[in-house]
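Enquirer: Based on what follows, work out the 3D shape:
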Amino acid sequence: MSRNRLSLVRRGAAVAAVTGLLLAVPVAAQAHVTVNPNTAVAGSYATLVFKVPTEKADASTTKLEVDLPTDHPFTAVSYQPVAGWTAKVTTSKLAKPVKTEDGTVTEAPTKIVWTASKGAEIEPGQFQQFPVSVGVVPDVPSVSFKAIQTYSDGSVVKWVQPTKAGQPEPEHPAPVLTIGAAAPTSAAANDAPSVAAAPQPSNDSDSSSGIWFGVGGIAVGVVALLVALYAVTRRTR
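Expert: Below is the predicted model:
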């Protein structure tokens with residue numbers, strides 16, 4: 001093999017390796033079960049939306065279970081109906097009574113389960129949002145929600161891992177609500193906010209658009225590499 005041809009082969013192999021590495025990056029970026037907004041004010045009512053994407057390519061999401069905090073419980077929980085899904089709120093007796101401004105709480109809502117009817121499952125590449133109203137938001141730094149996602153093939157993904165400050169995000173982090181101190185405002189500020197209409201399953205544009213923009217940027221970079229390789233090859237002939 002001539003020196004020029006060997007050089008060309010080496011350059012081609014290098015470009016292929018770089019291209020493979022670049023295109024592999026978006027695969028690692030995955031959507032998670034999240035709660036939005038992820039902040040709330042202590043002493044208020046808040047409307048939270050649990051967003052559930054279907055990450056699997058060969059199965060749909062059929063059920064979502066969300067465990068509510070029991071050490072700092074919400075005393076009132078309600079959900080907005082989602083078309084094609086049934087919801088059930090479970091109220092349980094607390095292992096340890098909790099004192100609040102309204103008195104001692106011995107039982108509270110501890111779990112919400114959403115189950116899809118046939119044809120309403122969250123298909124691959126789609127997501128669904130589940131709005132709930134909770135209150136009163138406890139005066140603590142944060143609360144987490146353990147979420148369990150069930151797929152049509154029987155597999156289960158448990159979003160229950162705690163996220164620790166200064167450490168990488170775990171593979172399946174539990175949704176976290178960060179709570180801020182209440183500001184001195186009028187009593188009207190603590191009224192429960194109205195709940196917007198629940199969206200139907202749609203393409204996971206906000207969680208995947210960033211990935212596709214990244215793919216576009218990578219594609220441009222790969223084209224630039226190929227053009228540069230072609231120019232070098234022309235000069236070596």
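Enquirer: so where's the chain uncertain?
Expert: When the per-residue scores of the chain are filtered using pLDDT under 70, the ranges that remain are 1-30, 184-237.
Enquirer: residue ranges of the strands in this protein, please?
Expert: 34-36, 39-41, 46-53, 61-67, 76-79, 85-100, 103-116, 126-135, 142-144, 146-151, 156-159, 176-180, 202-203 (DSSP state E).
Enquirer: thinking Asp67 is in contact with Lys158, fair?
Expert: No: if you go by CB atoms under 8 Å, Asp67 and Lys158 don't touch, sitting 10.4 Å apart. Yep, even glycine has a C-beta here, placed from its N, CA and C like the rest.
Enquirer: Neighbour count for the two, which is higher?
Expert: A side-by-side neighbour count of Asp67 and Lys158, using other CB atoms under 10 Å, places Asp67 first with 17 against 13.
Enquirer: got a list of what the closest residue to that one other than its chain neighbours touches?
Expert: Across the structure, with CB to CB, 6 or more residues apart in numbering as the measure, the residue nearest Asp67 apart from its sequence neighbours is Lys146 (4.2 Å). Under the criterion of CB atoms under 8 Å, 6 or more residues apart in numbering, the contact partners of Lys146 comprise Val66, Asp67, Lys158, Trp159, Val160, Ala174.
Enquirer: Among those, which one lies nearest to Ser78?
Expert: Out of the contacts of Lys146, the one with the shortest distance to Ser78 is Val66. That distance is 13.6 Å, counting by CB to CB.
Enquirer: do you know how far that closest one is from Ala120?
Expert: To Ala120, Val66 is 18 Å away according to CB to CB, to the nearest Å.
Enquirer: Mind checking which of these two has more residues around it?
Expert: A direct count of neighbours by other CB under 10 Å for Val66 and Ala120 places Val66 higher, at 23 against 18.
Enquirer: Who are the contact partners of that one?
Expert: Going by CB under 8 Å, 6+ apart, Val66 touches Phe50, Lys111, Ile112, Val113, Phe145, Lys146, Ala147.
Enquirer: let's go with 6 Å and repeat that
Expert: Taking CB atoms under 6 Å, 6 or more residues apart in numbering, we find Val66 in contact with Ile112, Phe145, Ala147.
Enquirer: that older thread, export the strands of the chain as JSON lines, with columns for distance to Glu169.
Expert: Below are the strands of the chain laid out as JSON lines (distance: least, CB to CB, whole Å):
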{"stretch": "strand 34-36", "distance to Glu169": "12"}
{"stretch": "strand 39-41", "distance to Glu169": "18"}
{"stretch": "strand 46-53", "distance to Glu169": "16"}
{"stretch": "strand 61-67", "distance to Glu169": "19"}
{"stretch": "strand 76-79", "distance to Glu169": "27"}
{"stretch": "strand 85-100", "distance to Glu169": "28"}
{"stretch": "strand 103-116", "distance to Glu169": "24"}
{"stretch": "strand 126-135", "distance to Glu169": "19"}
{"stretch": "strand 142-144", "distance to Glu169": "13"}
{"stretch": "strand 146-151", "distance to Glu169": "15"}
{"stretch": "strand 156-159", "distance to Glu169": "12"}
{"stretch": "strand 176-180", "distance to Glu169": "11"}
{"stretch": "strand 202-203", "distance to Glu169": "24"}
